[in-house]
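# A structural model of the following input is requested.
(4 chains)
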Number of protein chains: 2
Amino acid sequence: MYKILVVDDEDNIREVLKEYAEFEGHEVDEACDGMQAIEMAKNADYDIIIMDVMMPRLDGYSACKEIRKTKQTPVLMLSARGEEYDKLFGFELGIDDYVVKPFSPKEVMARVNAIVKRNTAASPTPSEVEKFEGLEINFTSRDVFIDGEKANLTPKEYDLLFYLVRNKNIALTRNKLLEEVWGYDFFGDDRTIDTHIKMLRNNLGPYRKYIVTLRGLGYKFEA
Amino acid sequence: MYKILVVDDEDNIREVLKEYAEFEGHEVDEACDGMQAIEMAKNADYDIIIMDVMMPRLDGYSACKEIRKTKQTPVLMLSARGEEYDKLFGFELGIDDYVVKPFSPKEVMARVNAIVKRNTAASPTPSEVEKFEGLEINFTSRDVFIDGEKANLTPKEYDLLFYLVRNKNIALTRNKLLEEVWGYDFFGDDRTIDTHIKMLRNNLGPYRKYIVTLRGLGYKFEA
DNA sequence: CTCCACAGTGAGGAAATTATGAACATTGCA
DNA sequence: TGCAATGTTCATAATTTCCTCACTGTGGAG
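Purely as a prediction, here's the structure:
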């Protein structure tokens, strides 16, 4: 899912792009002109900005130039035919790509995907880590360390722990856990959860205290 | 000055591009089809390859795929109208951009400049050699040394190892591996991965320990 | 204090997953 | 074309993990 800013003064173009992008599961904000675009781009982190060249108040190139002063957000330009000079100009400004009107939303989204992919591929995935005293959980490498020592959890134990931690301080019913960790199609014994909780607790050593039993309800990871 | 390889079966297109590029001070080689392009791309380091999609003997996509196995040379595709699906396909293959025929040489050169600029500016030389004890991996020369001795890996084994190492300490699912190493269009058996992991491990000798099995998930290179 | 519904535990067979070897298919090349 | 190397599939073996179940422990309502 990307966060996309669509900037165009024509309502129907914004609408078409927004619809298509949301259909693909992205989140879309809109702006009507360059000034508004600058404002919005500064206040939020977009994965990409799709912007028209010709707009009232402030054109796309100037807006791009201004935005680039503070953010490296990739920009895909929409331009009318016969603006070749401007295109060249655009690349120098650091525009990532442009599409000539009229375009198909499909083509635009294909380019959006290409650009964002290119942009994010370069950064080496910061590992996601949670720490609670000597209990360290690394979601990226799928490691759990207890006082510096690597715990040897089974797949279900990992899944269960990860789910509990991702939802820390939230009361989780047995049903919820079964559904989320075991899958909606699991129709097994309730004791199954208890058993895995037991194993998990054993594996967590002194940090078993974080897993709290909620009598009559389920469990909770309390941090 | 860039070193450019122009690949197209139509003489006049090659000629026009060559002329324009040389006018801008670049050095241009030519190839008439995919096979020839692969050959030339392997024997020289181009800053960019401009390649037609439709060609006799071997099409542009296949050639691109093949070239990308050994080199990271950026590729700009030339395609005829009405190949929208292929465009999408192209981006997934790692094509950097494409231009739809008929195009103006000026537009093509603008994109060439943008791509080469992007490629040389954005990449702060990711370390091309990785070492783990006596296991040395050279991404550039595609060599693997084990205690100073060169390992004789098959192409797939290289690909797999390189991908694992490039994503070291990240839990990789089987699907992810299939998608990234085999390609999204591979619809084969999951056990295929296991087999290659096995061979890779055998080839790594004492350093097989770096490849960790994540039961229920996939594998990980743990350094 | 007693009861009892609910939680914790231990163990073994069932089930799932991975490792491996070999057959088979494909590719590249002489 | 035929050989050699590589890649894929598949059946089987080797592991590991999961689940069930009977039993024990326990908190708190009454």
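# which positions in chain A make contact with DNA strand D?
With C-beta under 7 Å from any atom of the strand as the criterion, chain A meets DNA strand D at residues A:154-157, A:182, A:186, A:188-189, A:191-192, A:195-196, A:215. Using the backbone N, CA and C atoms, a C-beta is placed for each residue, glycine as well.
# are any of those residues buried, and which?
Among the residues of chain A next to DNA strand D, those scoring as buried are A:156-157, A:182, A:196 (criterion: 16 or more other C-beta atoms under 10 Å in any protein chain shown).
# still on that earlier bit, what two of the residues of chain A next to DNA strand D have the greatest distance between them?
Spatially, the most separated pair among the residues of chain A next to DNA strand D is A:155 and A:215, at 28.0 Å (C-beta to C-beta).
# circling back to that earlier point, dump the residues of chain A next to DNA strand D into CSV; add distance to chain B as well.
Listed next are the residues of chain A next to DNA strand D as CSV, based on distance: C-beta to the nearest C-beta, whole Å:
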residue, distance to chain B
A:154, 7
A:155, 3
A:156, 8
A:157, 10
A:182, 13
A:186, 15
A:188, 17
A:189, 20
A:191, 21
A:192, 16
A:195, 17
A:196, 13
A:215, 31
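# closest one of the residues you listed to residue B:46?
Taking C-beta to C-beta as the measure, residue B:46 lies nearest residue A:155 of those, at 46.2 Å.
# where's the closest one relative to residue A:143, distance?
Using C-beta to C-beta, to the nearest Å, residue A:155 is found at 14 Å from residue A:143.
# what touches both of those two?
Residues touching both residue A:155 and residue A:143 (C-beta atoms under 8 Å, 6 or more residues apart in numbering or on different chains): there are none.
# and residue A:6, that's in a helix?
No. According to DSSP: H, G, I helix; E, B strand; the rest coil, residue A:6 belongs to no helix; its state is strand.
# isn't it right next to residue A:15, touching?
No. Judged on C-beta atoms under 8 Å, residue A:6 makes no contact with residue A:15 at a distance of 9.1 Å.
# more crowded one of these two?
Using other C-beta atoms under 10 Å in any protein chain shown as the criterion, residue A:6 and residue A:15 rank with residue A:6 on top: 25 against 13.
# specify the beta-bridge partners of that one.
Note on residue A:6: beta-bridge partners by DSSP bridges are residue A:30, residue A:50.
# where in chain A is pLDDT low?
A:80-98, A:100-102, A:104, A:106-107, A:114, A:117-127 (pLDDT under 70).
# quick one: the helices in it, in order.
In chain A, the segments counted as helices under DSSP state H are A:11-23, A:34-43, A:60-70, A:84-92, A:105-121, A:155-166, A:174-177, A:191-204.
# residues in contact with the second one?
Residues lying outside helix A:34-43 but in contact with it, judged by C-beta under 8 Å, 6+ apart, are A:5, A:7, A:29, A:31, A:49, A:51, A:55, A:57-60, A:62-63, A:66-67, A:70-71, A:73.
# return a ChimeraX selection command for the buried portion of those residues.
A single ChimeraX command selects the buried members of these (16+ other C-beta under 10 Å):
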select /A:5,7,29,31,49,51,55,58,59,60,63,66,67,73
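# from the buried ones among the residues of chain A next to DNA strand D, which is closest to residue B:132?
residue A:157 (28.2 Å).
# which residues touch the residue nearest to the closest one when sequence neighbours are not counted?
The shortest distance from residue A:157 to any non-neighbouring residue, by C-beta to C-beta, 6 or more residues apart in numbering or on different chains, is to residue A:200 (5.0 Å). For residue A:200, the contact set (C-beta under 8 Å, 6+ apart) comprises A:153, A:157, A:160-161, A:208, A:211.
# just the buried subset of the residues you listed, please.
The neighbour count (16+ other C-beta under 10 Å) marks A:153, A:157, A:160-161, A:211 as buried among the contacts of residue A:200.
# show me which residues of chain A are close to DNA strand C?
A:174, A:190-191, A:194-195, A:197-198, A:201, A:213-218.
# closest one to chain B out of those residues, please.
Chain B lies nearest to residue A:195 out of the residues of chain A next to DNA strand C, by C-beta to the nearest C-beta, at 16.9 Å.
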